[in-house]
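Student: Requesting a structural model of the entry that follows:
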Amino acid sequence: MPNQNITLSEAQTEVDEWIKEIGVRYFSELTNLGQLMEEVGELSRILIRTHGDQSFKKGAEKGELADEMADVLFVLICLANQSGIDLTEAFKKNMAKKTKRDKDRHWENEKLTKEIE
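Tutor: Take a look at the predicted model:
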């Protein structure tokens, strides 16, 4: 079976091709921002009801966590493509920033380490 993994770069290309072939054109950045907020809200609804204190309403569609995460990723990729952002490079830089900034911070946080000891 061939490798099913996809890089961020490949995902950006695939979304761009899909938009041009099926989606006609990108929504405006502002519309995509609204779409992103909507998709994050749907993701939040599932997590709140599966891990939080709320329950699903009777007859309400529960939704699928993985699908909602993929929706968030799709719209985020659209915004990156529209803004000329290479998500691979952005991710690498962001991880380096977090690693440098937080190298010791979380290990010094008693709230995180109390349960490990």
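Student: List the contacts of Phe27.
Tutor: By Cβ atoms under 8 Å, 6 or more residues apart in numbering, the contact list for Phe27 reads 35, 78. Glycine gets a C-beta too; all of them are placed from N, C-alpha and C.
Student: mind running it again at 10 Å?
Tutor: Under the criterion of Cβ atoms under 10 Å, 6 or more residues apart in numbering, the contact list for Phe27 reads 19, 33-35, 75, 78-79, 82.
Student: In stretch 20-31, which residues are buried?
Tutor: Buried residues in stretch 20-31, defined by neighbour count with 16 or more other Cβ atoms under 10 Å: 26-27.
Student: swap in stretch 95-109?
Tutor: Neighbour-count burial for stretch 95-109, with 16+ other Cβ under 10 Å as criterion, is recorded at no position.
Student: so where's the chain shaky on pLDDT?
Tutor: Counting by pLDDT under 70, the chain contains low-confidence residues at 1-3, 60-61, 115-117.
Student: rerun at 90
Tutor: Applying pLDDT under 90 to the chain flags residues 1-4, 52-63, 103-104, 106-117.
Student: tell me the domain boundaries of it?
Tutor: Described in terms of automatic domain parsing, the domain architecture of the chain consists of the residue ranges 8-85, 88-117.
Student: Tell me which of those domains sits most buried.
Tutor: Burial among these, expressed as mean neighbours by mean count of other Cβ atoms under 10 Å, is greatest for domain 8-85, which shows a mean of 14.
Student: quick one: the helices in this protein?
Tutor: 8-21, 29-51, 65-83, 87-102, 110-113 (DSSP state H).
Student: With distance to Gly59 as extra columns, can I get the ones you listed in CSV?
Tutor: Listed next are the helices of the chain as CSV, based on distance: least, Cβ to Cβ, whole Å:
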stretch, distance to Gly59
helix 8-21, 33
helix 29-51, 14
helix 65-83, 19
helix 87-102, 38
helix 110-113, 39
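Student: how about those, which one is nearest Lys58?
Tutor: Within the helices of the chain, the stretch nearest Lys58 is helix 29-51; the backing value is 12.5 Å (Cβ to Cβ).
Student: quick one, that closest one and helix 65-83 angle?
Tutor: Calculated by axes from the mean of the first three to the mean of the last three Cα atoms, to 10 degrees, helix 29-51 forms an angle of 160 degrees with helix 65-83.
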